[in-house]
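A.B. asks: Give me the fold of what follows.
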Amino acid sequence: MVKSSLSVCILIFALMASGCDSITNLFSGSGRNAEIEKAYLDYRSAMTAGDIQALRNLVVKQKARELDAPEAGQMLALARAMYPANATITGVTVQVDTATLTASGPVAGGSMEGIVHLLKEDNAWKVYDEKWEMKIGMAQPQASSGQSDARRPYEYQKITGTWKGHEAGQSTDDWEFTLGGAYDLAATGPGGQHYQADAMVDDSLGAEGGSLRVLPGGAPFDLRITASSSASEIGKISLGSYKLMGDTLQLCGGEPGLMKRTSNFASSGGIRCFELKRTSGPIEMQTAPQPAAEPSLPQPVSPQTGASSFSKQDPNVSGEALVVKDGQTETYPLVTGFFSDTRFTNPSRATIQFQAPGPAHSNARRIEITLDATKTGSHVADGKSLSESFMGEDKIRIGEHGPQGYLASFRWVADGGQIFWPKTSCVISITSAYTGSASSVFSGEVHDCPVHSAGIDYTISSLKFTMRGAPSR
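C.D. replies: Purely as a prediction, here's the structure:
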């Protein structure tokens, strides 16, 4: 199977993490929580009927207000068109006043797998997030054909050239990779390591549960080692993936012969990952034929425009956040538009969202910051205040000046939606204030910010973010 995430709802929200460490109860089969199932089924009926008025009573208050937006009717119609028929509930997980429900429905060529988050509000279960993931089947190779399953990496020509950078968790740019036009790779490292390899992809190797694991938003990238400083590696295959973000290339590969892939950008367990910057190229593809185009996945199409119905990113706004969490470096692109939480209509209480692309499941890890974007200097997010007032964040006096700086909100949300607030407090240093013009550059950084949720701790040692332009919302 190859996974492709597809959001088909008008709700964008995060799974609330309980303020206390509690035991999660899993209900399945006849023991499943009927009250939660009914709440979802009522919501599903209203969704498929296009009944906005009914939906207002079935979603959390914060999301009910978004149904008053001018685009709500059109977005609901588009979501209904993609809603899977005959979906069945497969499980319910309850944690105090939050619940996660899973569902599955058959579609042509595969299935749709759903994750629905609910919250108990006013003593009733309400939906606040729903995401669906399309799993598309791949034809199985014919054993009698005698042909290899190998193919060329997707859009390889875009990454040809010379790249220099560091291994994940390190800071010294002492690795150099050259990707040639004939699908050939050469790499050298700080300890005299050197490799030469042929770039390819073999779908039959390293699959787990019928799926290939790749970097979020990336594509498979395997190497057949042709020369190495370690003679025992010659002739073996290193399985991996790559992700291209402008002039930054993230590349991961397993130890030759390991036959293991990863979707985490981290050097561990026999996997090595590198973050590289382009120093020259791309190299023109001269000696090798162009790779065959990848089969395109079906996309929802807007009947009004002919464009993807959910491609609502502001076209004149761009940005990214470079996040270093527990030694792992990732780039989260800026998310804007109707489906995002990025809002700059009131810049003195603006919210900006950066989210990892193409996750293994649809509720991707992300950074969400709310502050007075018009002011440079220190903005302080107090973890205790934020976690205690989660459903009443409007009560936080964003922008009010205190002893440490302006009040702000900061949270890191893990894959699946678990919210991590600052363990104590975190300082967001705004280096360039938002002006609201098309040429506006809004930027800032965070350093040494421990975050906490339900007994789990992480440290965001560095976060640098930039937004260029003015969002329409």
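A.B. asks: what's the closest non-adjacent residue to His55?
C.D. replies: No, residue 55 isn't His; it's Leu. In space, and not counting its chain neighbours, Leu55 is closest to Ala46: 4.7 Å by C-beta to C-beta, 6 or more residues apart in numbering. Backbone N, C-alpha and C define where each C-beta goes, glycine included.
A.B. asks: Could you tell me how many residues sit around that neighbour?
C.D. replies: As a burial measure, Ala46 scores 20 neighbours (other C-beta atoms under 10 Å).
A.B. asks: correct me, but it touches Leu58?
C.D. replies: Yes: when contacts are counted by C-beta atoms under 8 Å, Ala46 is listed as touching Leu58 (5.8 Å).
A.B. asks: could you pull out the strands for the stretch 301-450 of the chain?
C.D. replies: Using DSSP state E, counting those that start in this stretch, the strands of the stretch 301-450 of the chain run over residues 318-325, 328-335, 350-355, 366-371, 377-382, 406-407, 409-413, 419-422, 425-432, 441-453.
A.B. asks: Same question for the fifth one: list its buried residues.
C.D. replies: Taking 16 or more other C-beta atoms under 10 Å as the neighbour-count basis, strand 377-382 is seen to contain the buried residues 378-382.
A.B. asks: In JSON lines: those residues, plus pLDDT and distance to Thr248.
C.D. replies: Converted to JSON lines, the buried residues of strand 377-382 look like this (pLDDT from 0 to 100; distance: C-beta to C-beta, whole Å):
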{"residue": "Ser378", "pLDDT": "95", "distance to Thr248": "28"}
{"residue": "His379", "pLDDT": "96", "distance to Thr248": "27"}
{"residue": "Val380", "pLDDT": "95", "distance to Thr248": "30"}
{"residue": "Ala381", "pLDDT": "94", "distance to Thr248": "27"}
{"residue": "Asp382", "pLDDT": "92", "distance to Thr248": "33"}
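A.B. asks: which among those gets closest to Val413?
C.D. replies: Closest approach to Val413 among these (C-beta to C-beta): Ala381, at 14.0 Å.
A.B. asks: buried set for stretch 169-177?
C.D. replies: Within stretch 169-177, the residues that qualify as buried by neighbour count (16+ other C-beta under 10 Å) are 169-170, 175-177.
A.B. asks: no no, stretch 396-415
C.D. replies: 396, 398-399, 405-415.
A.B. asks: what's the domain layout of this structure?
C.D. replies: 2-136, 149-280, 318-468 (automatic domain parsing).
A.B. asks: ok so, going back, could you point out which of the buried residues of stretch 169-177 is nearest to Glu388?
C.D. replies: Gly169 (34.1 Å).
A.B. asks: is it fair to say that closest one lies in a strand?
C.D. replies: No: using DSSP: H, G, I helix; E, B strand; the rest coil, the secondary structure at Gly169 is coil, not a strand.
A.B. asks: Alpha carbons of the longest helix seen in the chain, in PDB - could you do that?
C.D. replies: Criterion DSSP state H: the longest helix present in the chain is helix 34-49. The C-alpha trace of helix 34-49 is given here as PDB (Å, rounded to 0.1, in the frame of the first residue of the first chain):
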ATOM      1  CA  ALA A  34     -22.400   4.100  22.700                       C
ATOM      2  CA  GLU A  35     -22.800   7.800  23.700                       C
ATOM      3  CA  ILE A  36     -19.700   8.800  21.700                       C
ATOM      4  CA  GLU A  37     -20.700   6.700  18.700                       C
ATOM      5  CA  LYS A  38     -24.100   8.300  18.600                       C
ATOM      6  CA  ALA A  39     -22.500  11.800  18.800                       C
ATOM      7  CA  TYR A  40     -20.400  10.900  15.800                       C
ATOM      8  CA  LEU A  41     -23.200   9.300  13.800                       C
ATOM      9  CA  ASP A  42     -25.500  12.300  14.400                       C
ATOM     10  CA  TYR A  43     -22.600  14.500  13.200                       C
ATOM     11  CA  ARG A  44     -22.100  12.300  10.200                       C
ATOM     12  CA  SER A  45     -25.700  12.400   9.300                       C
ATOM     13  CA  ALA A  46     -25.700  16.200   9.400                       C
ATOM     14  CA  MET A  47     -22.500  16.300   7.300                       C
ATOM     15  CA  THR A  48     -23.900  14.000   4.600                       C
ATOM     16  CA  ALA A  49     -27.200  16.000   4.500                       C
END
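A.B. asks: tell me the average confidence for it?
C.D. replies: Helix 34-49 comes out with an average pLDDT of 87.
A.B. asks: Return the list of helices and strands in contact with whichever helix or strand comes after that helix.
C.D. replies: Under the assignment DSSP states H and E, the closest C-terminal helix or strand after helix 34-49 is helix 52-56. Helix 52-56 is packed against helix 34-49, helix 72-82, with contacts defined by 3 or more C-beta pairs under 8 Å, 6 or more residues apart in numbering; DSSP states H and E.
A.B. asks: out of the ones you listed, nearest to Leu249?
C.D. replies: Among these, the nearest to Leu249 by C-beta to C-beta is helix 72-82 (32.7 Å).
A.B. asks: any idea how far the residue nearest the centre of the chain is from Ala364?
C.D. replies: With distances taken as C-alpha atoms, centre = their mean, Ala356 lies nearest the centre of the chain, 2.9 Å away. Between Ala356 and Ala364 the distance is 5 Å, computed by C-beta to C-beta, to the nearest Å.
A.B. asks: got any residues that touch both of the two?
C.D. replies: Common contacts of Ala356 and Ala364, defined by C-beta atoms under 8 Å, 6 or more residues apart in numbering, comprise 216, 415.
A.B. asks: Now Thr466: closest residue in space that isn't a chain neighbour?
C.D. replies: In space, and not counting its chain neighbours, Thr466 is closest to Ser443: 4.4 Å by C-beta to C-beta, 6+ apart.
A.B. asks: residues of stretch 423-443 that come out buried?
C.D. replies: Neighbour-count burial for stretch 423-443 flags 423, 425-428, 430, 433-434, 440, 442-443 (criterion: 16+ other C-beta under 10 Å).
A.B. asks: From start to finish, how long is it in a straight line?
C.D. replies: 24 Å (C-alpha to C-alpha, to the nearest Å).
A.B. asks: ditto for stretch 51-59
C.D. replies: With C-alpha to C-alpha as the measure, stretch 51-59 spans 12 Å from end to end.
A.B. asks: What residues sit buried inside it?
C.D. replies: Using 16+ other C-beta under 10 Å as the test for burial, stretch 51-59 gives 52, 55, 58-59.
A.B. asks: Nearest to Gly254, out of the residues you listed: which one, please.
C.D. replies: Closest approach to Gly254 among the buried residues of stretch 51-59 (C-beta to C-beta): Val59, at 43.3 Å.
A.B. asks: What's opposite the closest one in the beta bridge?
C.D. replies: Under the criterion DSSP bridges, Val59 forms beta bridges with Val127.
A.B. asks: thought it was touching Val127?
C.D. replies: Yes: using C-beta under 8 Å, Val59 is in contact with Val127, at 5.1 Å.
A.B. asks: Out of the buried residues of strand 377-382, which is nearest to Pro153?
C.D. replies: Ala381 (40.6 Å).
A.B. asks: what sits against that closest one?
C.D. replies: Neighbouring residues of Ala381 by C-beta under 8 Å, 6+ apart: 369, 407-410, 421-422, 425-428.
A.B. asks: what's the answer for Thr248, then?
C.D. replies: Counting by C-beta under 8 Å, 6+ apart, Thr248 has contacts 275-278, 331.
A.B. asks: same thing with Gly281?
C.D. replies: Residues counted as contacts of Gly281 (C-beta under 8 Å, 6+ apart) are 160-162, 179.
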